[in-house]
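A.B. asks: Got a predicted structure here, sequence first:
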Amino acid sequence: MENLPFIQRFIFASFLSLLLFCQSVNALTFSPVSAGQVRFFNNANWEFDPFIDNASSTDQQWMKSHYYRMLVHAPYFDTENTWYPGGLAYVDAYAIYVGDPIVLTHPDWVMRDAQGNKLFIPWACQNGSCTQYAGDFSNPAYKQYRIQQMSTALAQGYKGLWLDDVNFTWRVGNGNGDFVAPIDKNTGKAMTLDAWRAYLAQYMEQIRATFPNNEITHNTIWFADAVDAQNPYINREIDAADYINLERGGNDDGLVGGTGEWSYSTFLKFVDYVHGRGADVIMMDIGTNTSELEYGMATWLLISQGNDLLGNNADNKLAWSAPNTWWAGYDSNLGNASGARYSWNNLLRRDFACGLVLVNEPEAATKTVSVGSGYKNLAGLAVTSVTLAAKQAAVLKKTCTTTSVVIPQPPVLKTFQQGLNGYTGAKDVAIYSASPTRNLGSASTLGMQGTQRRSSLMAWDVSQIPVTAKVQKVDISFNTTNASVNNFAIYEIKQPWVESQATWNNYATGKTWVSVGAGSASDRGTTSLGVFSSRALGSYTLTLNSAGLALVQNWVKNPAANRGIIFNDNLAADLATVSSKEDAAVNKRPKLSITYIMP
C-alpha cells in the first residue's frame, strides 16, 4: 500500500500549477445525481477471510447489497465470484516477490543498479533486503507476462483489477530502502524520471487496451513529483484508469490547512482534476472512531460525483465495516446534490436534497455556526447549530422525499475452456457419414460440411454459474483451421450423446439417433441459435442470438437439460474445421463465454 506520510516530502514545487488549473474544474465536472448516497468499497484482505469462508446465502446477499466493490485476492476469491460479482483482483503493477522462480529464469526482468545489483520496491525492508524486487516495466516480455497473469485472473469472473504501486514518482531502491536510480536497459544509462514515467504510462495503457471491458483501479501517489495539468505521463495514466485510489482519504495525517502543496484543499482539487479527465476516485479512508469516520465520509461527500467510492482502510476497519459491526453512518443517503462544494462561514459546505455536509479543515480555528431548523445529526438528534474543531465535520440530515438509487450488481463474465484454470467440463465430437460407425471424439479438429455430411457436436458444463443468474450475452470462440465461404447454423442437441461413443449412426453405444446424423427434430432443435461464418484462419468469435440466450439460460437454471449444440449446413460444399478441445494449445480450444448478472 502507498501514500505513507514520509513520502509526502518529495513533491516538487511545480505541483502548484495544478492549483490554478483546478480552480475551474470543480464547476465543469459537477454532476448531482445520487452524489449523496455512499457506494462502499471494502478491502477484503486476509482479516476479512472469516466473513467470506462458508458465508451463508444471507451473508452473501448482505455483502452484495452493502459492498459496491471489493478489493479481493486471486486465486483465493475465485470461487466466490459466482455470488459476488464486484470483486477487483489485487495485482501489484511491477513487484516480483523475493523467492519467485522467475527471478532465476528471467533475471533480466528485475531492475538493477549500475553494478548489476537487483533493486527493490522500498517496502518492508530490513537487514539489507525488501520483500519485493522492482520488476522492469520497460521490458516488453515482462509486461506481457504480467498481463497474462491478469488475464488468467479475470477469466475467473472478476469485475476488474486493482493495481498497486502505480508510482509516478521514484519507488525503487536498494535493500535498505534508499533510492537508487535503475539502469535503463534501453539506453544503458541511469533511467531518468521522465523515462520511468513514460514506461509506466505505456504499461498502464497496454493494460487498458488489453482489458477494455474490465474496471481498472490505480493505487497511485496523488502528490507524485511535478504533477501538473501539463504532465503528459500523469494524464495518460489517469486516462487509462476507471478509478484512482486515494489510500488514506481525508484523514491522511499528512494533510494540513491552507492552500499549499500539502493542504487538504490541494487534495480535494486533485480529485477535481481526476474527475475533469473522466475518471472517478476511491477514497479509502483511515478513520478509526466515529468522529473520524464522519470526517472521512464528509470529505467524500464534498467531492462525490455519483460514481466515486468510499471505503475504510484503518487498522481497526473491521470494527466499522464488517457485516456484524457495520457503521450505520455508511447507510446515510442525502439524496442528489444541489451543487458543488463551496466556502461558507470559513467552512467547506455542500448541500443535498436531504441534508448538508460541513467540514472544518485541518489546523483551522474552532467554529460554531447556525444551520437553522429541521436537521438531525448522524445520531438522530435534532440540531440547529454545530461546533467544529479543526479536522472535524458534520453530516446533517433533514426529512424529505427521496428515492434511494438502486446500485445494480455489475455483470459477471465467466469463460469455459477445456484446460483453462483446471476446467474439464467441455466435450466435443465430429460425426461423419462416410464413417458412420467411427467415433472421432479424440480428434484434434472438428469438421462441418454439407455435401459430405459432416457435423460437429459441442457442450460445456456451466453448472458453476448460480441457477438464479440472468444470462445477458453468450459468445463462442474458435480457432479456425480451415475456412469456408459457407455459413453453418447452430442448433440445440436433444439427445444425451457421449463424446467417446457418438457416431453418425449413434449418439451413444447402442443408442441410435432418430434420424442418422442427428437429423430429426427429436435429435436437435429446429431454431438456429447463431451462425458460424469464419472466412479466415485463426481466432473467430460468434455471439448467440436471443434463442441461443434462452437455451443457455435454461442450462443455467436446469443443468441436467444441457445437451450442448450441433453445427450443421446440409448444403455447404466446402469444409470448415476448427480446433477441438484436444488441441495441444489451450487457447485454441473452443471457448464458451457467458456474461450474466445476479438478481
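C.D. replies: Received the coordinates, thanks.
A.B. asks: wait, residue 132 sits on residue 98?
C.D. replies: Yes: look at residue 132 against residue 98 with C-beta atoms under 8 Å: they come within range, at 6.8 Å. For glycine as for every other residue, the C-beta is placed from the backbone atoms N, C-alpha and C.
A.B. asks: more neighbours, the two?
C.D. replies: Of the pair residue 132 and residue 98, residue 132 is the one with more neighbours under other C-beta atoms under 10 Å, namely 19 against 14.
A.B. asks: Would you agree residue 35 is in contact with residue 305?
C.D. replies: Yes: here residue 35 reaches residue 305: they are 6.2 Å apart, a contact under C-beta under 8 Å.
A.B. asks: Who has more neighbours out of the two?
C.D. replies: Taking residue 35 and residue 305 together and counting by other C-beta under 10 Å, residue 35 has the greater number of neighbours (26 against 20).
A.B. asks: how about that one, what does it touch?
C.D. replies: Neighbouring residues of residue 35 by C-beta atoms under 8 Å, 6 or more residues apart in numbering: 301, 304, 305, 306, 336, 337, 352.
A.B. asks: Nearest to residue 596, out of these: which one, please.
C.D. replies: Nearest to residue 596 among the contacts of residue 35: residue 306, at 25.4 Å, using C-beta to C-beta.
A.B. asks: tell me, how many neighbours does the closest one end up with?
C.D. replies: Neighbours of residue 306 using other C-beta under 10 Å come to 16.
A.B. asks: what do you get for residue 385?
C.D. replies: By the criterion of other C-beta under 10 Å, residue 385 has 11 neighbours.
A.B. asks: go on, residue 243?
C.D. replies: 23.
A.B. asks: any idea of the pLDDT on it?
C.D. replies: In this model, residue 243 is scored at 97, pLDDT.
A.B. asks: what bridges to it?
C.D. replies: In this structure, residue 243 bridges to residue 217, residue 280 when assessed by DSSP bridges.
A.B. asks: Looks like it contacts residue 275 (just checking).
C.D. replies: No: with contact defined as C-beta under 8 Å, residue 243 does not reach residue 275; the gap is 11.4 Å.
A.B. asks: Let's see the pLDDT reported for residue 356.
C.D. replies: Residue 356 is assigned 97 on the pLDDT scale.
A.B. asks: where does it land in three-state SS?
C.D. replies: Look at residue 356: counting by DSSP: H, G, I helix; E, B strand; the rest coil, its state is strand.
A.B. asks: Skip the chain neighbours and tell me the closest residue to residue 475.
C.D. replies: Spatial nearest neighbour of residue 475, chain neighbours left out: residue 593 (4.3 Å); criterion: C-beta to C-beta, 6 or more residues apart in numbering.
A.B. asks: just checking, what packs against the one helix or strand the one you found maps to?
C.D. replies: Element membership for residue 593, per DSSP states H and E: strand 591-597. Applying 3 or more C-beta pairs under 8 Å, 6 or more residues apart in numbering; DSSP states H and E, one finds that strand 591-597 makes contact with strand 412-417, strand 470-482, helix 546-557.
A.B. asks: Looking at those, which one is packed in the most?
C.D. replies: Highest mean neighbour count among those (mean count of other C-beta atoms under 10 Å): strand 412-417, with a mean of 21.
A.B. asks: so what strands line up beside it?
C.D. replies: strand 591-597 (antiparallel).
A.B. asks: buried set for the strand it pairs with?
C.D. replies: 591, 592, 593, 594, 595, 596 (16 or more other C-beta atoms under 10 Å).
A.B. asks: picking up where we left off before, and the angle from the strand holding residue 593 to strand 470-482?
C.D. replies: Calculated by axes from the mean of the first three to the mean of the last three C-alpha atoms, to 10 degrees, strand 591-597 forms an angle of 160 degrees with strand 470-482.
A.B. asks: which residues touch strand 591-597?
C.D. replies: 85, 408-417, 420, 426, 460, 462, 465, 469-478, 552, 556.
A.B. asks: my guess is residue 432 meets residue 440, correct?
C.D. replies: Yes: Residue 432 is within contact range of residue 440, at 6.8 Å (criterion: C-beta under 8 Å).
A.B. asks: what is the residue nearest to residue 475 paired to in the beta sheet?
C.D. replies: The partner residues for residue 593, given DSSP bridges, come to residue 415, residue 475.
A.B. asks: how close does it get to residue 465?
C.D. replies: From residue 593 across to residue 465, the span is 12 Å (C-beta to C-beta, to the nearest Å).
A.B. asks: Tell me which residues of stretch 250-266 come out buried.
C.D. replies: So, applying 16+ other C-beta under 10 Å, buried residues of stretch 250-266: 250-252, 254-257, 261-266.
A.B. asks: contact partners of the longest helix belonging to the chain?
C.D. replies: As assigned by DSSP state H, the longest helix anywhere in the chain is helix 193-210. Residues from elsewhere that reach helix 193-210 (C-beta under 8 Å, 6+ apart): 93-94, 137-138, 143, 147, 150-151, 161, 163, 166-170, 184, 187, 216, 218, 225, 231-234, 236-237, 240-241.
A.B. asks: and those residues, which of them are in helices?
C.D. replies: Mapping those onto helices (DSSP H) picks out 143, 147, 150, 151, 232, 233, 234, 236, 237.
A.B. asks: Is it possible to mark the buried ones in those residues?
C.D. replies: By neighbour count, with 16+ other C-beta under 10 Å, the ones in helices among the contacts of helix 193-210 hold 143, 147, 150, 233, 234, 236, 237 as buried.
A.B. asks: Nearest residue to residue 392 in space, ignoring adjacent ones along the chain?
C.D. replies: residue 360 is the one closest to residue 392 (C-beta to C-beta, 6+ apart), at 5.3 Å.
A.B. asks: Neighbours of the one you found, how many?
C.D. replies: 26.
A.B. asks: Who are the contact partners of it?
C.D. replies: 347, 348, 366, 367, 388, 389, 390, 391, 392, 393.
A.B. asks: Strands along the stretch 251-400 of the chain, start to end?
C.D. replies: 280-285, 309-312, 342-344, 347-352, 355-360, 367-376, 382-388, 392-398 (DSSP state E, counting those that start in this stretch).
A.B. asks: list the contacts for residue 578?
C.D. replies: Neighbours of residue 578 in contact, by C-beta under 8 Å, 6+ apart: 445, 446, 456, 478, 479, 480, 481, 534, 540, 590.
A.B. asks: got it, and residue 84?
C.D. replies: Going by C-beta under 8 Å, 6+ apart, the list of residues near residue 84 reads 60, 63, 64, 67, 70.
A.B. asks: Same check on residue 505?
C.D. replies: If you count contacts by C-beta under 8 Å, 6+ apart, residue 505 has them with 436, 437, 512, 513, 516.
A.B. asks: could I get the residues you listed as CSV with pLDDT and distance to residue 326?
C.D. replies: Formatted as CSV, the contacts of residue 505 follow (pLDDT from 0 to 100; distance: C-beta to C-beta, whole Å):
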residue, pLDDT, distance to residue 326
436, 96, 65
437, 97, 65
512, 97, 61
513, 97, 58
516, 95, 63
